Every structure is written in structure tokens, then in C-alpha cells.
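any chance you can model this:
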Amino acid sequence: MTTPAAGLRLTQSASGGGCACKVPPGELERVLADLPGGRTAQDPTGDLLVGLDSGDDAAAVRIDGERALIATADFFTPVVDDAYDFGRIAATNALSDVYAMGGEPVVAINLLAWPRDRIPFEVAAEVLRGGADACAPAGAHLAGGHSIDDPEPKYGLAVTGIGHPDRLLRNDAARPGVPLTLTKPLGLGVLNNRHKATGERFEQAIEVMTTLNRDAARAAVAAGLLAATDVTGFGLLGHLHKMARASGVTAVLDAAAVPYVDGAREALRDGFVPGGSRRNLDWVRPHLEAGVDDDELVLLADAQTSGGLLVAGELPGHPVVGELVPARGERTLVVR
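Next comes the predicted model:
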């Protein structure tokens, strides 16, 4: 434990926690539908490779024939009580957006909101230290940032990366006949919710959330795969729905093949389900054909923080959790 203020629980200082505090996906899409900027069809240069159209993890702009700039920003309220771990998790999660596009992060800047009158600023220093220690193994330069006084603590990064314009991992490039691979176990949302309610610390969950998606992304690009997303606040079902919808396919998910962090099913049994996880399930249900019960569906829709990559293709060392098939009308998801 590295939090300098004894007895302080960061998770009690905010109403939400981690990626579960995202704006609900349906509500967000209604807002974005009215925004003209960032849509590739409206770019006269043709250099905006990825904008708002397909709900991808980051924007991508062609610099030249060999390079595309990848840009993203991600921040959230505390998901764990330990300030250093919070910083590592939030930074790892932000870097993941670049990896999910098949890129390499180059530079990041801190995004910090802090209630200076309630939580000592030395605690914020530990958050920033954690962020820096996450960026170092990613090879990303952490260079400055922006901070504000805010009623709730929040932290994350704006990240700029580089990828090849013809080898980006996109939401809209999935094709039928391809397996689906998941590179990290699920269950982070229910475990983080249990942590917030009880103070119990789940070391495996922290390890998962602080593991970079770097190696999986590099392997996917090296294998010539074209479609991927990371699994964060919209849950596996939400992010898979977005990919299937953007690509014009249906995803068939094998629920029994999906891995979970130890303790996740017990946390579900004991009622530690984030509101965001239930909203995720409500959002995808009209597009879902399910052969499992709602408890299983809630775990599949569980709002993850700094989750793994969901890749259209097979990556050695990671479980295949389903396959993509030709579109079945409005059904983007089949869970069996």
C-alpha cells in the first residue's frame, strides 16, 4: 500500500469508479449522432482514417504512406483505494486505446482533477507516480499535462501514438469465418464494486488491470489481423456489439470459453454488480439471442476497467471465445 494518507479510501470520494462511470452507451451514441466533426465521410482530404463512424477506440489520421497518428484520451474516478495503483490502472487503460488500434504509444500527458480541500495533494502525487510507472514499460514519454480543482478525484491520460495506415486494428474490419480471441479475463467490474463496498483487495484484478495490452497488439499486427477493440466500460457484449454492427457481421460467443478473474462469480452471487454493467446488458439486449441465463449475461456485460483486447483472429496463448458469422438481421450477438 502506498497511499500516504492513512485510512484514506479513494473509492469513497466519488460516486462512480473506473470505466463503470462512463456515460451509458446508448445515451452517448444519441449525443454523438448529432456531431458533424470526426466523421470520415465528411473529410475532404481522405486522411481521417478513423473518426466517429464506427465507435473505435481512438482517432487515426494519415501522416504519410507509412505512418498514421493515433490519438485518444481516457480518464476516470478511482477504481481502487490505493493511489499508486489507481494511477497505474488509469494510465494502463488509456494506453490501451492506442494498442487496440494496432499502434505504439509515443507521448502521453496527464489529466488530473483533484479535490484539494478534501484529499491531500501528496496523494495526487502518488497517483501521478503510478501513471509514470505505467508509461515507462510502454516506451511512451510522459510529458506534462493539465490539472484542475474538482469535487471528485479523476485521473487518466491523453495519448498520441503511431501506427501503419494499412495495418490498423479497426472496429469495422471484422469478417465472417474468423475466430474471436480475448486476451484478459473478465470480472473486473464486479470485483472493483466489491472492493469499493467492502475494502477487500483483489490482487489478481489489480495485476490484470495494470498489464499492458502491448504484446497482444503487436502479435495481432504481426499476424496480419485487421479488427480488434479493447474491452472496457461497455463490457464484452457491448464492445462486441459495436464491432459486429460496424463490420456488418454477427458474433457467436461461447460463454463457457470466456475466462474470469478469481472471485468474480462470487462477487456476482453476493450482489456486487455495477449499475453500468446492467445498463450495458439493457443496451445490447434488443440485438441479442441468448442461450444462457441473465447472471451469465451480466458477467459478459460487466463494465471492465483496463480490460484485454477482443481480436478478430486467433492469437496463440489466448482463449478463443467465439466466432464471427454472416449477419443475421438485427442480431449482432448470439450467446450460447
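
which parts of this protein are helices?
25-32, 83-100, 121-138, 188-198, 203-209, 214-222, 235-247, 264-269, 275-284, 294-300 (DSSP state H).

show me the one of the ones you listed that comes nearest Gly313.
helix 214-222 (6.6 Å; CB to CB). C-beta here means a position set from N, CA and C on the backbone, and glycine is covered the same way.

show me what that closest one is in contact with.
Here helix 214-222 makes contact (CB atoms under 8 Å, 6 or more residues apart in numbering) with 95, 99-100, 102-103, 137-138, 163-164, 167, 169, 183, 228, 308-309, 311, 313, 315-316, 318.

got the buried residues for that helix?
Residues of helix 214-222 classed as buried: Arg214, Ala216, Ala217, Ala219, Ala220, Val221 (neighbour count, 16 or more other CB atoms under 10 Å).

that helix vs helix 83-100, what angle?
Interaxial angle, helix 214-222 versus helix 83-100 (axes from the mean of the first three to the mean of the last three CA atoms, to 10 degrees): 0 degrees.

not counting sequence-adjacent ones, nearest residue to Arg118?
Leaving aside its chain neighbours, Arg118 sits nearest to Ser13 (6.9 Å; criterion: CB to CB, 6 or more residues apart in numbering).

any idea how far the residue lying closest to Pro115 once chain neighbours are set aside lies from Thr305?
Using CB to CB, 6+ apart and skipping residues adjacent in sequence, the residue nearest Pro115 is Pro151, 5.6 Å away. As defined by CB to CB, to the nearest Å, Pro151 lies at a distance of 21 Å from Thr305.

give me the more crowded residue out of those two.
Just comparing Pro151 and Thr305: by other CB atoms under 10 Å the higher neighbour count belongs to Thr305, 28 against 12.

my guess is that one contacts Thr232. True?
Yes: here Thr305 lies in contact with Thr232, judged by CB atoms under 8 Å, at a distance of 6.7 Å.

still on that earlier bit, residues near the residue nearest to Arg118, how many?
18.

surely it and Trp114 touch.
No: contact criterion CB under 8 Å: Ser13 and Trp114 do not qualify, at 10.0 Å.

what do these two both touch?
Pro153.

show me what contacts the residue nearest to Arg118?
By CB under 8 Å, 6+ apart, the neighbours of Ser13 are Thr77, Pro78, Pro115, Arg118, Ile119, Glu152, Pro153.

if anything else comes up later, I'll come back, but that's it for now.
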